[in-house]
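>>> Here's my sequence, what's the structure:
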Amino acid sequence: MPVTATHVRDGAVDLVFAGDRGAARAALEAACADGQGLSGCDILVQPWPRTLPRLFVADMDSTMITVECIDELADYAGVKAEVAAVTERAMRGELDFAAALAARVALLAGLDEAVLARCHDERVRLMPGARALVATLAARGVRCVLVSGGFTHFAARVAREIGFHAAFANTLELADGRLTGRVVPPVLGAEAKRERLLAEAAALGITPAQAVAVGDGANDIPMLQQAGLGFAYRAKPVAHAAADAGVRHGDLTAILHALGIPRADWVA
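Alright, predicted model coming up:
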């Protein structure tokens with residue numbers, strides 16, 4: 001696996017080598033885990049030469065924002081511990097996503113609609129690097145789409161705050177100003193995320209190989225694997241293992257480093 005060239009820039013190092021990508025990632029991540037001078041570094045192994053994607057598709061909860069919105073809503077209903085435990089298992093791939101979502105949303109029945117706005121204002125915070133990542137890609141003509149297994153109330157606002165071109169998520173059913181405890185079908189889950197990436201690529205007249213995706217949970221895996229380059233961001237082990245590259249230490253601007261965009265060209 002000989003190194004043919006080295007490029008150092010902005011705190012990132014590009015090592016260009018000939019060899020198997022999977023073997024390189026495994027060896028380098030093992031070196032990080034063993035503390036062999038690489039601890040605290042993110043190892044992103046990808047094809048060379050790099051090309052700028054035409055499409056960027058991102059998960060929302062625990063990826064573009066720091067929280068899981070359903071867990072925070074559950075806190076207002078007094079059932080956070082119960083809901084958060086199910087969320088964790090679902091994101092680790094231990095539960096069927098749609099069934100786990102239905103069970104959790106059922107526990108929110110009766111919650112006042114006004115709590116949605118309150119939850120956003122009090123709990124939702126953008127992940128470090130989110131704005132710079134999306135603004136920089138958008139400025140270069142990349143279509144940026146937020147695709148969430150969470151809820152439209154949050155996804156629409158987060159998309160506007162960060163600068164996404166479009167957002168897709170699940171809709172909470174309301175009646176008489178309160179949550180009914182149901183999601184309006186169809187449920188946007190793992191397969192729907194993959195299908196959205198394919199639909200966006202088709203609309204642009206590009207192949208999925210020209211797309212980049214990022215997510216953190218098991219329900220993101222089909223989307224990550226469909227994209228030409230899938231990033232697992234501070235992800236559950238199953239998603240980290242399935243993705244092309246994993247960001248465990250840096251913020252979301254690590255993706256800009258990986259795409260070879262110099263820090264001087266980032267949009268603040």
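>>> Can you list phi and psi of the residue nearest in space to the middle of the chain for me?
Closest residue to the average C-alpha location of the chain: Gly215 at 2.5 Å, with Cα atoms, centre = their mean. Backbone geometry at Gly215, expressed as degrees, to the nearest 10, gives phi -170, psi 180.
>>> Tell me the secondary structure at the closest residue to Asp244 other than its chain neighbours.
Residue nearest to Asp244 in three dimensions, not counting chain neighbours: Gly230, with 4.9 Å by Cβ to Cβ, 6 or more residues apart in numbering. Every residue, glycine included, has its C-beta placed from N, CA and C. On the three-state scheme (DSSP: H, G, I helix; E, B strand; the rest coil), Gly230 is labelled strand.
>>> Can you tell me how far Gly230 is from Ala243?
4 Å (Cβ to Cβ, to the nearest Å).
>>> Could you do Val145 as well?
Val145 is 18 Å from Ala243, by Cβ to Cβ.
>>> and if you look at Ala58?
From Ala58 to Ala243 the distance is 13 Å (Cβ to Cβ).
>>> Just read off the phi/psi values of the closest residue to Leu107 other than its chain neighbours.
For Leu107, ignoring the flanking residues on the chain, the nearest one in space by Cβ to Cβ, 6+ apart is Val79 at 4.9 Å. The main-chain torsion angles of Val79 are listed as degrees, to the nearest 10 and equal phi -130, psi 30.
>>> Any idea how many residues pack against Val79?
Look at Val79: counted by other Cβ atoms under 10 Å, it has 15 neighbours.
>>> Repeat that for Leu44.
Per other Cβ under 10 Å, the neighbour tally for Leu44 reads 21.
>>> Touching, it and His249? I think so.
No - checked against Cβ atoms under 8 Å, the pair Leu44 and His249 is beyond contact range at 11.2 Å.
>>> State the helix or strand in which Cys144 lies.
According to DSSP states H and E, Cys144 maps onto strand 143-151.
>>> Following the chain past that strand, name the next helix or strand.
Downstream of strand 143-151, the first helix or strand assigned by DSSP H and E is helix 152-162.
>>> elements contacting that following helix?
Using 3 or more Cβ pairs under 8 Å, 6 or more residues apart in numbering; DSSP states H and E as the contact criterion, the elements in contact with helix 152-162 are helix 114-123, helix 130-139, strand 143-151, strand 166-175.
>>> Turn these into a markdown table, including mean neighbour count and distance to Arg160.
Compiled in a markdown table, the helices and strands packed on helix 152-162 are given as follows (neighbours: other Cβ atoms under 10 Å; distance: least, Cβ to Cβ, whole Å):
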| stretch | mean neighbour count | distance to Arg160 |
| --- | --- | --- |
| helix 114-123 | 15 | 11 |
| helix 130-139 | 20 | 11 |
| strand 143-151 | 24 | 10 |
| strand 166-175 | 18 | 8 |
